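In: Quick one, fold the following:
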Amino acid sequence: MYKNLEELRQEIVFSYFEEITKIPRCTGNEKGISDYLVDFANVRDLEVIQDDALNVIIKKQATPGYEHVPTVILQGHMDMVCEKNNDTEHDFNKDPLQLRVDGDMLYATNTTLGADNGIAVAYALALLGAQTTPHPALEVVITTEEETSMGGAFAVDPDHFEGKVLINLDSEEDHKLLVSSAGGVKAIQRAPITWEETEDDLTGFRITVGGLKGGHSGMSIHEERGNAAKIMGRFLHQLTDVPYLMQEINGGSAPNAIPREMNAVILIHQNNIQHLKDKIEAWNRLLKNELHASDPTILISLERMIPDTSNVFSQDTKHKTITSLMLIPNGVQSMSMEIKGLVESSTNLGIVSTSDKEIVFESDIRSSIKSLKEDIVARSKLAAELAGCHFMTDLDYPEWPYNPDSKIRKVFEKVHKEKYNTDAEIIAVHAGIECGIFIDKIPGLDAISIGPDIYDAHTPNEHISISSALNTWNYLLAVLEAMKEADL
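Out: Numbers count the residues shown, from 1 in each chain. So this is what the prediction gives:
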């Protein structure tokens, strides 16, 4: 157990980790850390490439006796999610992170720690700087913009690599071997708005669907949590016996987040107000019955507003909006037959927004099977056409399919059994990581992903297990050493 940061920095991995926490590296602001990596390589006379996307590739020759072992690509990303508590004064563009040790855990103080994926950078630096550690020839690639678009990985030139074995260091669970991830694409449906004026004797209300848990659409979609957009669509569709006009609909924070809240503004006659309230009360009973296990606090609420009768949706626009909410695919679409409990394909309607010209519906489509991803896109496009809307896709990234014949996985399994006298757990995730992009770029690439226990990533409470980080480091070293005798 380490009592303080001074003790912890005696470990070479955490010495490097502390060093990079002093360098600004929010996604989109990676120039400083990228240049640091280049300087690190130059000082040690290592071959280094920095491309236009600020990705850095550093190559190191095999240690004596490992010249015959296939070259290994080690991969992580240099950027981090920059979040802080509301009452925290911290400028991510210049201020170093304030690290603190708490038992077995390392935190930053009231900000994200950047262990995702700074620990991979620290592992890479420790290996590149080592003098006697046995290893095959290494091609270390540290990418940019992973946390947003994976733009760095997409920009990497595959001609820079000789290796056909990839060890990704961006997992967050110790003693688990990640062997597959989903590909994804953002689907965008646009409903053009025709505005109309209406009569003055109407009352305005804001309807809110709230009280939902939400969650990451890759990690939580199988939990059948309520989607506020889809629920709002159902409610408005069933509101046929209460004549109303519609003015706007907004909600959701990101395509890959299950929306927790959705608001719609409607206008009705005074004599229909009680009927609307009764309808909401009935639907609250219905939804609490449907979602009592996943979202017991769901609530549809009503707030009176001063109406603006000069600007409401035409009946055609209203119809397109509700039809879109009803028809856009959402939720789990298929489960894996190879890995028990793994979602194979899904889609999440994450954002609905109203502007002066259109209502936009943004969905996150995922699948570990390319053809199934394409099928969901096709069905989403058909739903848009049936609703009279425009459709497009963006941010398409490839899947990482499970490889039952992976040789590098067998090496990791063998070393884990010998080192810990227990089997490593084989896992897959219904989320996107960069392995899929590299596999798509480098034919025949054999990939695996490992990492230490990281908790509450992307939040100011992010922390990493110190013992787990050191265990993963030693496990990685043992695997690299064992490659001398492995069949790769």
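In: now the helices: where do they sit in this structure?
Out: Under the criterion DSSP state H, the chain contains helices at 5-8, 12-20, 31-43, 115-129, 151-155, 228-237, 273-290, 315-327, 370-386, 407-420, 435-441, 466-482.
In: Out of these, which is the most enclosed?
Out: Among these, ranked by average contacts under mean count of other C-beta atoms under 10 Å, first place goes to helix 115-129 (a mean of 25). The C-beta positions use only the backbone N, C-alpha and C, and glycine is treated the same way.
In: just checking, what packs against that helix?
Out: Using 3 or more C-beta pairs under 8 Å, 6 or more residues apart in numbering; DSSP states H and E, the elements in contact with helix 115-129 are helix 12-20, helix 31-43, strand 56-60, strand 72-77, strand 138-143, strand 454-455, strand 463-465, helix 466-482.
In: List just the one of those that sits closest to R366.
Out: Of all these, strand 72-77 sits nearest to R366, with 19.4 Å by C-beta to C-beta.
In: Can you tell me the strand partners of that closest one and which way each runs?
Out: strand 138-143 (parallel), strand 165-168 (parallel) (DSSP bridges).
In: where does the stretch 151-300 of the chain have low pLDDT?
Out: Within the stretch 151-300 of the chain, no stretch has pLDDT under 70.
In: and stretch 201-210, C-alpha only, in PDB?
Out: Output in PDB follows, covering the C-alpha atoms of stretch 201-210 (Å, rounded to 0.1, in the frame of the first residue of the first chain):
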ATOM      1  CA  ASP A 201     -57.800  31.200 -27.000                       C
ATOM      2  CA  LEU A 202     -55.400  28.300 -26.400                       C
ATOM      3  CA  THR A 203     -53.400  27.200 -23.300                       C
ATOM      4  CA  GLY A 204     -49.800  26.100 -23.500                       C
ATOM      5  CA  PHE A 205     -48.300  23.200 -21.600                       C
ATOM      6  CA  ARG A 206     -44.800  21.700 -21.400                       C
ATOM      7  CA  ILE A 207     -45.100  17.900 -21.200                       C
ATOM      8  CA  THR A 208     -42.000  16.300 -19.700                       C
ATOM      9  CA  VAL A 209     -41.000  12.600 -19.600                       C
ATOM     10  CA  GLY A 210     -38.400  12.300 -16.900                       C
END
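In: Give the buried residues for that stretch.
Out: By neighbour count on 16 or more other C-beta atoms under 10 Å, the buried set for stretch 201-210 is 202-205, 207-210.
In: Dump these to TSV, plus distance to E47.
Out: Output for the buried residues of stretch 201-210, formatted as TSV (distance: C-beta to C-beta, whole Å):
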residue	distance to E47
L202	71
T203	71
G204	66
F205	66
I207	61
T208	58
V209	56
G210	55
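In: Quick check: of those residues, which lies closest to T347?
Out: Relative to T347, the closest of the buried residues of stretch 201-210 is V209; by C-beta to C-beta it sits at 19.2 Å.
In: Let me know whether that closest one touches I300 as I believe.
Out: Yes: between V209 and I300 there is a contact at 5.5 Å, judged by C-beta atoms under 8 Å.
In: Overlap in contacts, the two.
Out: 231, 235 (C-beta atoms under 8 Å, 6 or more residues apart in numbering).
In: Just the pLDDT for I328.
Out: On pLDDT, I328 comes in at 98.
In: which one of the helices of the chain lies closest to S180?
Out: The nearest among the helices of the chain, by C-beta to C-beta, is helix 435-441 at 8.7 Å.
In: Touching the closest one from outside, list them.
Out: 73, 75, 150, 153-154, 156, 158, 166, 168, 181, 183, 397-400, 445, 447, 449.
In: buried subset of those?
Out: Burial by neighbour count, judged by 16+ other C-beta under 10 Å, picks out 73, 75, 150, 153-154, 156, 166, 168, 181, 183, 397-400, 445, 447, 449 from the contacts of helix 435-441.
In: circling back to that earlier point, could you dump the helices and strands packed on helix 115-129 into JSON lines with mean pLDDT and distance to I351 added?
Out: JSON lines is the format used below for the helices and strands packed on helix 115-129 (pLDDT from 0 to 100; distance: least, C-beta to C-beta, whole Å):
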{"stretch": "helix 12-20", "mean pLDDT": "98", "distance to I351": "33"}
{"stretch": "helix 31-43", "mean pLDDT": "98", "distance to I351": "30"}
{"stretch": "strand 56-60", "mean pLDDT": "98", "distance to I351": "34"}
{"stretch": "strand 72-77", "mean pLDDT": "98", "distance to I351": "25"}
{"stretch": "strand 138-143", "mean pLDDT": "98", "distance to I351": "26"}
{"stretch": "strand 454-455", "mean pLDDT": "94", "distance to I351": "27"}
{"stretch": "strand 463-465", "mean pLDDT": "97", "distance to I351": "30"}
{"stretch": "helix 466-482", "mean pLDDT": "98", "distance to I351": "35"}
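In: re the thing from before, for the helices of the chain, give me JSON lines that also has distance to D79.
Out: Shown next, in JSON lines, are the helices of the chain (distance: least, C-beta to C-beta, whole Å):
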{"stretch": "helix 5-8", "distance to D79": "23"}
{"stretch": "helix 12-20", "distance to D79": "11"}
{"stretch": "helix 31-43", "distance to D79": "8"}
{"stretch": "helix 115-129", "distance to D79": "8"}
{"stretch": "helix 151-155", "distance to D79": "8"}
{"stretch": "helix 228-237", "distance to D79": "29"}
{"stretch": "helix 273-290", "distance to D79": "39"}
{"stretch": "helix 315-327", "distance to D79": "34"}
{"stretch": "helix 370-386", "distance to D79": "25"}
{"stretch": "helix 407-420", "distance to D79": "26"}
{"stretch": "helix 435-441", "distance to D79": "15"}
{"stretch": "helix 466-482", "distance to D79": "19"}
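In: what's the closest of these to S353?
Out: Proximity to S353 (C-beta to C-beta) singles out helix 228-237 among those, at 10.6 Å.
In: The residue lying closest to T194 once chain neighbours are set aside - how many residues pack around it?
Out: Counting by C-beta to C-beta, 6 or more residues apart in numbering, T194 lies nearest to S314, which is 4.1 Å off, once chain neighbours are set aside. Residues lying near S314 (other C-beta atoms under 10 Å) number 14.
In: same deal with D446?
Out: That count, for D446 with other C-beta under 10 Å as the rule, works out to 20.
In: and the nearest residue to it once chain neighbours are set aside, what does it touch?
Out: Distance criterion C-beta to C-beta, 6+ apart; nearest residue to D446, sequence neighbours excluded, is I408 at 4.9 Å. Counting by C-beta under 8 Å, 6+ apart, I408 makes contact with 165-167, 446-448, 488.
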